[in-house]
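J.: Just to be clear, the model below is a prediction. Sequence and coordinates:
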Number of protein chains: 2
Amino acid sequence: MNIGDIAKATGISTKMIRYYEETGLIRPATRALSGYRVYSDNDLQTLRFVRRARDLGFTVKQIDDLLTLWRDRTRASASVKEIAMGHVAALEKKMQELKDMSDTLLHLASHCHGDDRPDCPILKTLGSTEAVAPLSRTRDRRKTRAFDRVR
Amino acid sequence: MNIGDIAKATGISTKMIRYYEETGLIRPATRALSGYRVYSDNDLQTLRFVRRARDLGFTVKQIDDLLTLWRDRTRASASVKEIAMGHVAALEKKMQELKDMSDTLLHLASHCHGDDRPDCPILKTLGSTEAVAPLSRTRDRRKTRAFDRVR
DNA sequence: CCTGCGCCTTCCCATCGTTGGAAGGTCAAG
DNA sequence: CTTGACCTTCCAACGATGGGAAGGCGCAGG
């Protein structure tokens, strides 16, 4: 298989496949006499793994760690789970940040007429001296940590 | 005020302030004889606006648009609201993506022992031929659109 | 055999927002 | 006058990805 073939098979662009090789995420492909990269079914499997991990939002570094564990048949499943749940925690942190932004914006927008008059509390608040977030962020915004949820 | 002063006052680094100037988001500061940038209270206000918009997750381009509207006293508040709600929609899309990832990972992790044995359904699934997402994404994942929520 | 087309190769550049450093000028206090 | 904190510009990097140029390879049709 040439690089275009696994690109199609995995949904990863040829650019990215070369990039993954260059940065050491995947091993350098063997080369045909022409200099073309040649891929085996094994490589295909690896790249599919990469693709899926990427779709789950793992960074390349994390995928590297996961690949190492994947190849190590003596790994402890706890190690894998730790990476996964650490990532879940990061995802949840991000989600909370986005939610705070969204809530604040919705709050501001709810006070904005949204017509052709220039008066706009969104702009007024952004330009004011006080803090923006009128988030009724009462108690307990801290949720159960990911680690404690799935044992 | 020198650049370090508004940096402290706004929480934006001097690097970023120069970058914002370079890219045209903010107008070039006047200069002292020494070549130092000198900032007015007006500049301070503008940069505070930028800071807040940035904290709400707006891109620099969007902040540029918002600044333009901010300075235009004949703007229609609808224009502002449109930008804001468009951004809310983007935030919600992102949140949904993160949630899907998180849900999938939690699902996988819930089947993983997480002990010192090597058997791990997380890795197994990532390496398998089939699709990853066993998301019980039933009906109605599509939420009410941001635009229709806050009128 | 030549031509054309599609694939492959390497190399460089751009994105976006941000940080870091190097090399040098300015300012105020001691 | 020296010292240290500030300022200046310029250049590079991050992470993951896309775009494109310039040139080589492989195969099918004439």
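T.: Cool, the structure landed.
J.: ok, A:S13 touching A:A7?
T.: Yes - using Cβ atoms under 8 Å, A:S13 is in contact with A:A7, at 6.0 Å. C-betas here are computed from N, CA, C, even on glycine.
J.: So between the two, which is more surrounded?
T.: Using other Cβ atoms under 10 Å in any protein chain shown as the criterion, A:S13 and A:A7 rank with A:A7 on top: 19 against 12.
J.: So what's the gap between stretch A:100-118 and the chain middle?
T.: Relative to its chain's centre, stretch A:100-118 lies at 29 Å (Cα atoms, centre = their mean, to the nearest Å).
J.: what about that stretch and DNA strand C, any contact?
T.: No - using Cβ under 7 Å from any atom of the strand, stretch A:100-118 stays clear of DNA strand C, with a minimum separation of 12.9 Å.
J.: Show me what counts as buried in that stretch.
T.: For stretch A:100-118, burial by neighbour count (16 or more other Cβ atoms under 10 Å in any protein chain shown) applies to A:100-109, A:112, A:114, A:118.
J.: quick check: domain ranges of chain A?
T.: Listed domain ranges for chain A are A:3-58, A:96-145 (source: automatic domain parsing).
J.: what about the ones you listed, which gets the closest to B:I122?
T.: Proximity to B:I122 (Cβ to Cβ) singles out domain A:3-58 among these, at 9.8 Å.
J.: chain center to that closest one, what's the gap?
T.: The answer for domain A:3-58 is 19 Å, by Cα atoms, centre = their mean.
J.: Compute the first-to-last residue distance for it.
T.: 23 Å (Cα to Cα, to the nearest Å).
J.: Then stretch A:31-45?
T.: From start residue to end residue, stretch A:31-45 stretches across 18 Å - Cα to Cα.
J.: Please identify the buried residues of that stretch?
T.: A:R37, A:Y39, A:D43, A:L44.
J.: export the residues you listed to CSV and tack on distance to DNA strand C, secondary structure and pLDDT?
T.: Converted to CSV, those look like this (distance: Cβ to the nearest atom of the strand, whole Å; DSSP: H, G, I helix; E, B strand; the rest coil; pLDDT from 0 to 100):
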residue, distance to DNA strand C, secondary structure, pLDDT
A:R37, 3, strand, 97
A:Y39, 9, coil, 97
A:D43, 12, helix, 96
A:L44, 13, helix, 96
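J.: Serialize those residues to a markdown table and add fields for distance to chain B.
T.: Below are the buried residues of stretch A:31-45 laid out as a markdown table (distance: Cβ to the nearest Cβ, whole Å):
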| residue | distance to chain B |
| --- | --- |
| A:R37 | 22 |
| A:Y39 | 16 |
| A:D43 | 13 |
| A:L44 | 10 |
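J.: biggest separation within these, which pair?
T.: Farthest apart among the buried residues of stretch A:31-45 - using Cβ to Cβ - are A:R37 and A:L44, which lie 12.6 Å from each other.
J.: center of chain A - which residue?
T.: A:G57 (2.5 Å; Cα atoms, centre = their mean).
J.: Can you give me every residue that contacts the nearest residue to that one once chain neighbours are set aside?
T.: Take A:G57 and drop its neighbours on the chain: the residue closest to it by Cβ to Cβ, 6 or more residues apart in numbering or on different chains is B:M101, 4.5 Å away. Residues in contact with B:M101 (Cβ atoms under 8 Å, 6 or more residues apart in numbering or on different chains) are A:D55, A:L56, A:G57, A:L91.
J.: rewinding a little: you'd agree the residue nearest to the centre of chain A is up against A:V88?
T.: No - between A:G57 and A:V88 there is no contact under Cβ under 8 Å: 9.7 Å.
J.: out of everything not next to it in sequence, what's closest to A:P121?
T.: Nearest to A:P121 is A:H111, by Cβ to Cβ, 6+ apart, at 4.4 Å.
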